[in-house]
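[1] okay, predicted coordinates and the sequence, questions at the end:
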Amino acid sequence: MAKLCVNIDHVATVRQARRISEPDPVAAAVLAELAGAAGITCHLREDRRHIQDADVFRLKEIVKTRLNLEMAAVPEMLDIAEKVRPHMVMFVPERRQEITTEGGLDVAGNFERVREATLRMKAAGLLVSLFIDPEPSQIEAVVRCGADFLELHTGAYANAVGEKARRAELKKLVESAAYAQRLGIRVNAGHGLNLRNVMPVAAIRGIHELHIGHSIVAHAVLVGFERAVREMVESIARAEQLAVNYSPEEILALHSA
């Protein structure tokens with residue numbers, strides 16, 4: 001069954017709008033765990049637009065499940081990861097001008113740099129995940145890098161307009177997850193998932209974790225953080241039950257009806 005890891009970055013986004021102490025992303029992490037989250041994810045960006053260094057160190061002390069630290073594969077972040085020692089690091093692409101992560105990491109095109117960073121983190125005793133688009137060449141490059149996990153970028157699926165387009169993007173995710181597992185690597189997924197579109201992805205066989213943040217924080221503004229997390233956990237659990245009898249594509253059809 002897929003587990004939910006809650007990304008608390010955008011709690012920090014609200015805080016940084018005023019440069020004050022609230023809302024506290026660490027408090028949000030505690031509430032997420034109480035509501036059933038299996039892990040906490042945060043992204044320490046080079047421009048520090050939301051999560052700050054102090055948040056990461058506090059999260060390491062407070063989180064009781066597991067902490068996933070998203071970051072660019074650059075020396076500054078590698079140094080911080082070695083000090084913090086999260087449960088897992090995930091390398092993601094970064095561009096200063098982007099609003100949010102716009103695509104997967106080009107592991108195949110930056111193989112030596114990513115492999116060097118991966119090996120350094122593994123030597124420090126940390127699990128490593130690479131955030132990639134659902135493409136065979138990228139999956140193969142992740143395996144050659146020696147990473148423990150890959151995370152499939154679900155943004156194209158989440159942003160697809162119309163059932164035909166959604167089905168096409170879901171098919172890529174299904175096939176990519178199956179291919180990665182045949183190559184012996186564990187699979188996570190995330191980006192752009194919400195209560196309306198999460199079930200077909202959660203039903204993909206072999207998905208280990210779903211990393212979801214913005215939609216939970218947005219929903220929490222209206223219903224509260226614990227309830228927003230709990231509703232996502234319950235939606236993922238329902239998808240797991242449906243997966244016994246339906247394929248992800250069939251679940252998509254049921255969910256779209």
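    That came through, no problem.
[2] just how off-centre is stretch 187-201 within its chain?
    Centre-to-centre, stretch 187-201 and its host chain are 10 Å apart (C-alpha atoms, centre = their mean, to the nearest Å).
[3] in which helix or strand does Ala29 reside?
    Assigned by DSSP states H and E, Ala29 belongs to helix 25-34.
[4] please save the CA atoms from the helix or strand just after that helix in PDB.
    The C-terminal neighbour of helix 25-34 among helices and strands, as given by DSSP H and E, is strand 39-43. Taking Å, rounded to 0.1, in the frame of the first residue of the first chain, the C-alpha atoms of strand 39-43 are listed here in PDB:
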ATOM      1  CA  GLY A  39       6.700  10.700   6.600                       C
ATOM      2  CA  ILE A  40       7.500  14.400   6.300                       C
ATOM      3  CA  THR A  41       9.100  16.000   3.200                       C
ATOM      4  CA  CYS A  42      10.700  19.400   2.900                       C
ATOM      5  CA  HIS A  43      12.700  21.100   0.200                       C
END
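[5] what pLDDT, on average, does whatever helix or strand comes next after strand 39-43 get?
    Note on strand 39-43: by DSSP H and E, the next helix or strand toward the C-terminus is helix 53-62. The pLDDT scores in helix 53-62 average 98.
[6] do stretch 83-94 as well
    On average, stretch 83-94 scores 96.
[7] buried sites along stretch 83-95?
    The neighbour-count check on stretch 83-95 (16 or more other C-beta atoms under 10 Å) flags Val84, Pro86, His87, Met88, Val89, Met90, Phe91, Val92, Pro93, Glu94 as buried. In this view, the C-beta of every residue, glycine as well, is placed from N, C-alpha and C.
[8] dump those to a markdown table, plus secondary structure.
    Formatted as a markdown table, the buried residues of stretch 83-95 follow (DSSP: H, G, I helix; E, B strand; the rest coil):
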| residue | secondary structure |
| --- | --- |
| Val84 | helix |
| Pro86 | coil |
| His87 | coil |
| Met88 | strand |
| Val89 | strand |
| Met90 | strand |
| Phe91 | strand |
| Val92 | coil |
| Pro93 | coil |
| Glu94 | coil |
